[in-house]
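>>> Provided below for reference: sequence and predicted model.
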Amino acid sequence: MKSLNFRIVPLPTEVAERARRAAESAAKDHAFVMADSPNGYPCRHCLRFAKQGERMILFPYAAIPPDHPYSESGPIFVHAEPCARYSATNEYPADFRNGRAFRAYNANYNMIDAEVANGNDPEAIVEKLLQNPETAFVDARSMTRGCYTFRILRT
Ligand SMILES: [Zn+2]
């Protein structure tokens with residue numbers, strides 16, 4: 001796989017661990033769910049689709065923090081069991097080559113552009129969005145459900 005001019009940023013481990021603790025203490029906004037399809041339960045920490053039968057935690061995550069016009073909190077999954085944070089940050093995660101939309105934000109968290117990955121070259125779309133000097137980061141989201149998947153920063 002080709003090396004990138006940008007960096008993949010998976011969900012921080014402390015966020016995944018906090019979600020696991022909240023789910024164990026039966027927080028109302030943290031649910032245990034069983035993955036029952038091969039491509040329906042992306043873990044934002046290891047950046048892989050859960051295998052069928054794996055236990056996941058579903059909880060809301062504020063990818064864009066409060067107090068901004070584009071503030072947004074939405075549902076994401078992490079593995080219920082500890083998993084290794086995605087570490088190949090100079091490689092685009094193989095499980096998400098399809099089905100992602102890319103949103104470019106400026107330094108004030110305003111969305112300034114967006115594109116859908118059609119086909120197999122998400123790197124080219126991300127590169128294009130990052131060519132705009134206004135772009136501070138790009139978020140990959142589910143093309144269909146809109147859920148946050150991972151962040152992309154310049155190297
Ligand atoms: Zn995981």
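Structure received.
>>> Apart from its neighbours in sequence, what residue is nearest residue 149?
Take residue 149 and drop its neighbours on the chain: the residue closest to it by Cβ to Cβ, 6 or more residues apart in numbering is residue 140, 4.5 Å away. (Glycine included, C-beta is placed from N, CA and C.)
>>> Just say helix, strand or coil for that neighbour.
Three-state call for residue 140 (DSSP: H, G, I helix; E, B strand; the rest coil): strand.
>>> what bridges to it?
Assessed by DSSP bridges, residue 140 has beta-bridge partners residue 102, residue 150.
>>> Identify the residues contacting it.
With contacts defined as Cβ atoms under 8 Å, 6 or more residues apart in numbering, the neighbours of residue 140 are 96, 100, 101, 102, 122, 148, 149, 150, 151, 152.
>>> go on, residue 144?
Residue 144 sits in contact with residue 99, where contact means Cβ under 8 Å, 6+ apart.
>>> What distance do you get for it to the ion?
In this structure, residue 144 lies at 21 Å from the ion, with Cβ to the ion, to the nearest Å as the measure.
>>> Can you classify that residue by secondary structure?
For residue 144, the reduced secondary structure class is coil; criterion used: three-state DSSP.
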